[in-house]
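[1] Coordinates only, no sequence provided:
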């Protein structure tokens, strides 16, 4: 069974809003964003990775953080920039493509999504995904995923 990314407003409240996906989908979501704008994709990554793992991966001082610390690295004040990126760049770029187009077939992934992502450089060098799925990443899938992620981020700003 693939590992999951779970972004939640409150881990102790099962009714709290959240965004959930498997690691492979997490990788391709970030890769699509990276193909649109590398700098803003890094900000999206920071909004989806824990402060502990981000600092560990980039060699920053951990300052007492442990792998039990689950707060994301991106400060909440920077979250509107990520929302704007999804709204103004990512979604419009997807909406010009056929809904049934499987983007994974256009990326020349080869035999391994993980190897493909790690070869992109940037924050992908830290990726360790499950490398299970290699197809089904249609434009429709990405539009739905980015809309869910965007709705979660917007809800997060109203809850804080």
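    That came in fine, so what should we check first? The model shown is predicted, which means the values in this text are computed figures rather than measured ones. Residues are numbered from 1 along each chain as shown.

[2] the longest helix in this protein is where?
    When the chain is scanned for its longest helix (criterion: DSSP state H), the result is helix 139-159.

[3] Averaging pLDDT per element, find the lowest-scoring helix or strand in the chain.
    strand 4-8 (a mean of 72; mean pLDDT, DSSP states H and E).

[4] partner strands of whatever helix or strand comes next after that one, parallel or antiparallel?
    Sequence order places strand 18-22 as the next helix or strand after strand 4-8, per DSSP states H and E. Applying DSSP bridges, strand 18-22 is found paired with strand 4-8 (antiparallel).

[5] in the protein, which ranges drop under the pLDDT threshold?
    Applying pLDDT under 70 to the chain flags residues 1-5, 10-11, 128-135, 160.

[6] which residue ranges form the helices in it?
    Using DSSP H, the helices of the chain run over residues 23-36, 38-46, 51-58, 79-85, 91-94, 103-106, 113-118, 139-159.

[7] Roughly how far does the residue lying farthest from the centre of the chain sit from residue 24?
    In the chain, the residue that sits farthest from the middle, by CA atoms, centre = their mean, is residue 64; the gap is 25.4 Å. As judged by CB to CB, to the nearest Å, residue 64 and residue 24 stand 32 Å apart. From N, CA and C alone the C-beta is placed, and that goes for glycine too.

[8] Residue 40 too?
    Taking CB to CB as the criterion, residue 40 is separated from residue 24 by 22 Å.

[9] try residue 94
    Distance, residue 94 to residue 24, using CB to CB: 19 Å.

[10] contacting residues for the nearest residue to residue 28 once chain neighbours are set aside?
    Sequence neighbours aside, residue 137 is the residue nearest to residue 28 in space, at 5.2 Å (criterion: CB to CB, 6 or more residues apart in numbering). Shown in contact with residue 137 (CB atoms under 8 Å, 6 or more residues apart in numbering): 25, 28, 102-104.

[11] Out of those residues, which comes closest to residue 81?
    The closest of the contacts of residue 137 to residue 81 turns out to be residue 28 (CB to CB; 21.9 Å).

[12] Would you confirm that that closest one contacts residue 113?
    Yes. With contact defined as CB atoms under 8 Å, residue 28 reaches residue 113; the gap is 6.9 Å.

[13] chain center to stretch 18-33, what's the gap?
    Taking CA atoms, centre = their mean, to the nearest Å, one finds stretch 18-33 lying 4 Å from the centre of the chain it belongs to.
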